[in-house]
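> Coordinates only, no sequence provided:
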């Protein structure tokens, strides 16, 4: 079994519901076991143009799936939630990113692990801190709790929205 960390985001539709469904679906995949789910955070969109705020969370998943199988399952969940193809910088009901898989490094055209912008995104690092504040990302020397509170990232506002089993409380 490998330990995977996935990032979830939504800024369209019933954001909390989209994230909760994704948590439950990922945790029920064959060969997977949900280990932990972070608290829920809200952040402003950080790209060109104007969009609604995102809800973000991370989860830890024990898995027998390969990195590509996890990527494909995440993309399938995005499509099922209604994410249009080619919507990289557009509003979307669900975004699923494979952030880490053990201490592996993958550099392929369609998949990079660790996620290439992981250390630049407080909205991902804060939820990762909920799961394991001492987690060290491959290629880094400082744990995520230190990275999340760096001077540069402190300018990225992240607002705590829900603790505990928020993903169970959302309607099924």
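Looks like it arrived, so ask away. Since we're looking at a predicted model, the values are computed, not measured.
> Only C-alpha atoms from now on, for both contacts and neighbour counts.
Noted.
> outside of stretch 126-134, which residues touch it?
Stretch 126-134 is touched from outside by 36-41, 56-60, 135, 143-145, 148, with contacts defined as C-alpha atoms under 8 Å, 6 or more residues apart in numbering.
> Could I get the phi/psi values of residue 136?
In terms of degrees, to the nearest 10, the main-chain angles of residue 136 are phi -110, psi 120.
> May I have the residues that are in contact with it?
For residue 136, the contacting residues are 142, 143, 144, by C-alpha under 8 Å, 6+ apart.
> can you give me the helices for this structure?
Counting by DSSP state H, the segments of the chain that form helices are 15-27, 67-81, 122-131, 144-148, 166-169.
> Flag every buried residue along stretch 58-78.
Buried residues in stretch 58-78, counted by 16 or more other C-alpha atoms under 10 Å: 58-65, 67, 70-71, 73-75, 77-78.
> Show me which of the contacts of residue 136 is closest to residue 15.
If you rank the contacts of residue 136 by distance to residue 15 using C-alpha to C-alpha, residue 144 comes first, at 25.3 Å.
> coming back round to it: output the contacts of residue 136 as a markdown table; include the columns neighbour count and distance to residue 52.
Shown next, in a markdown table, are the contacts of residue 136 (neighbours: other C-alpha atoms under 10 Å; distance: C-alpha to C-alpha, whole Å):
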| residue | neighbour count | distance to residue 52 |
| --- | --- | --- |
| 142 | 12 | 32 |
| 143 | 16 | 30 |
| 144 | 26 | 27 |
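> ok, so of the residues you listed, who is nearest residue 31?
residue 144 (27.2 Å).
> neighbours around residue 36, how many?
Residue 36 has 19 neighbours, counted by other C-alpha atoms under 10 Å.
> got it, and residue 117?
The criterion is other C-alpha under 10 Å. On that basis, residue 117 has 10 neighbouring residues.
> re earlier: among the contacts of stretch 126-134, which lie within strands?
36, 37, 40, 41, 56, 57, 58, 59, 60 (DSSP state E).
> Looking at those residues, which is nearest residue 166?
Within these, distances to residue 166 taken as C-alpha to C-alpha reach their minimum at residue 40, with 7.5 Å.
> Report the contact partners of the closest one.
Taking C-alpha under 8 Å, 6+ apart as the definition, contacts of residue 40 comprise 55, 56, 57, 127, 160, 161, 162, 163, 166.
> Redo the contacts of residue 136 as TSV? Include distance to residue 10 and pLDDT.
Conversion of these to TSV gives the following (distance: C-alpha to C-alpha, whole Å; pLDDT from 0 to 100):
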residue	distance to residue 10	pLDDT
142	28	94
143	26	96
144	22	95
